[in-house]
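Asker: Prediction below, plus the sequence it came from.
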Amino acid sequence: MNPNAFLPILKVKIFDLTPLALVVGDPIRAAAAAEFLEDVKEVGNFREYRTFTGTYSGVPITISSHGVGAAGASICFEELIQGGVTTIIRAGTCGAMVAGIKDGETIIGTGAIRDDGASDKLLPLEYPAIADRHVVAALEEATAERSSSPVHTGIILTQSYFYDGVLPSSVSFWLKNNLNVYAVEMEFATLLIIASLRGVRGGGIFTSDGNMTEEADPKTYDPHRTVVKKGTENMIQIGLDALKNLA
């Protein structure tokens with residue numbers, strides 16, 4: 001493939017990607033994460049997909065945003081892999097689902113429940129969504145070195161919608177049966193399935209912006225508080241540290 005060819009949706013030249021990538025949902029968060037890189041360059045900006053490449057402690061790393069939801073995120077993951085990326089770590093906010101996890105604390109995903117609405121079109125639901133063990137270990141090592149707050153490691157629920165409708169949410173099932181599901185978000189399972197399907201390494205680290213075990217009015221939900229912002233910044237640096245160590 002021509003290294004100067006553009007990936008059609010990311011609108012990034014293959015030449016501008018690195019084997020290591022950190023992915024986030026928010027384009028603004030991607031730009032903020034890129035500030036931790038040196039010699040950074042914005043190499044793509046189209047729709048919700050914003051991509052940067054630079055170096056972190058001398059290691060070339062790409063940062064890309066994938067938007068909200070599995071279907072759109074899958075395009076980002078697929079095109080990064082088409083462009084030569086071999087390790088992808090997702091860093092995102094989540095709703096904690098284990099009592100005692102506080103806002104701003106870190107959760108490392110070991111695998112995901114596939115309620116994402118997209119991965120079942122790629123592989124049967126019997127196929128597990130499991131994080132690469134080397135990525136999990138690198139995230140745990142980086143977290144131990146950088147974070148002074150409690151760190152949690154376990155299964156993540158990936159759900160295809162944010163606001164409930166008439167049908168019951170699957171969150172209540174996992175909470176009610178105390179099945180040690182640590183958090184809920186919207187894209188992790190899709191990443192893990194695509195990573196397995198394409199033969200690359202995938203993993204994820206998350207910051208809690210609320211705890212689903214506590215009674216709360218959805219109208220007062222606010223993921224933009226200082227405690228969440230600080231946790232998110234810490235999460236980004238842990239993700240970059242892990243990628244550096246995986247190089």
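Answerer: Yes, it's here.
Asker: Check which helices and strands the worst-scoring helix or strand of the chain on mean pLDDT sits against.
Answerer: Counting by mean pLDDT, DSSP states H and E, the chain has its least confident helix or strand at helix 170-176, which shows a mean of 90. Under the contact definition 3 or more CB pairs under 8 Å, 6 or more residues apart in numbering; DSSP states H and E, helix 170-176 sits against strand 151-159, strand 181-185. Any C-beta I mention is one placed from the backbone N, CA and C, and that applies to glycine too.
Asker: most neighbours per residue, which of these?
Answerer: strand 181-185 (a mean of 24; mean count of other CB atoms under 10 Å).
Asker: circling back: I'd like to know which of the helices and strands packed on helix 170-176 lies nearest to Y49.
Answerer: Closest of the helices and strands packed on helix 170-176 to Y49 is strand 181-185, at 18.5 Å (criterion: CB to CB).
Asker: Need the residues that contact the closest one.
Answerer: Applying CB atoms under 8 Å, 6 or more residues apart in numbering, the set of residues contacting strand 181-185 from outside is 92-98, 101, 107, 109, 113, 152-159, 171, 174-175, 206, 208, 212.
Asker: what is the mean pLDDT for it?
Answerer: In this model, strand 181-185 has a mean pLDDT of 97.
Asker: Adjacent strands (with direction) for it?
Answerer: Sheet pairing here is set by DSSP bridges, and for strand 181-185 it gives strand 87-96 (antiparallel), strand 151-159 (parallel).
Asker: Quick one, which of those gets closest to A32.
Answerer: strand 87-96 (11.2 Å).
Asker: can you give me the strands for the chain?
Answerer: When assigned using DSSP state E, the strands of the chain occupy the ranges 6-7, 12-13, 20-24, 38-46, 49-56, 59-65, 87-96, 106-115, 129-130, 151-159, 181-185, 201-211.
Asker: Mind putting those into TSV with distance to E79?
Answerer: Formatted as TSV, the strands of the chain follow (distance: least, CB to CB, whole Å):
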stretch	distance to E79
strand 6-7	4
strand 12-13	8
strand 20-24	11
strand 38-46	10
strand 49-56	8
strand 59-65	9
strand 87-96	11
strand 106-115	21
strand 129-130	20
strand 151-159	20
strand 181-185	21
strand 201-211	15
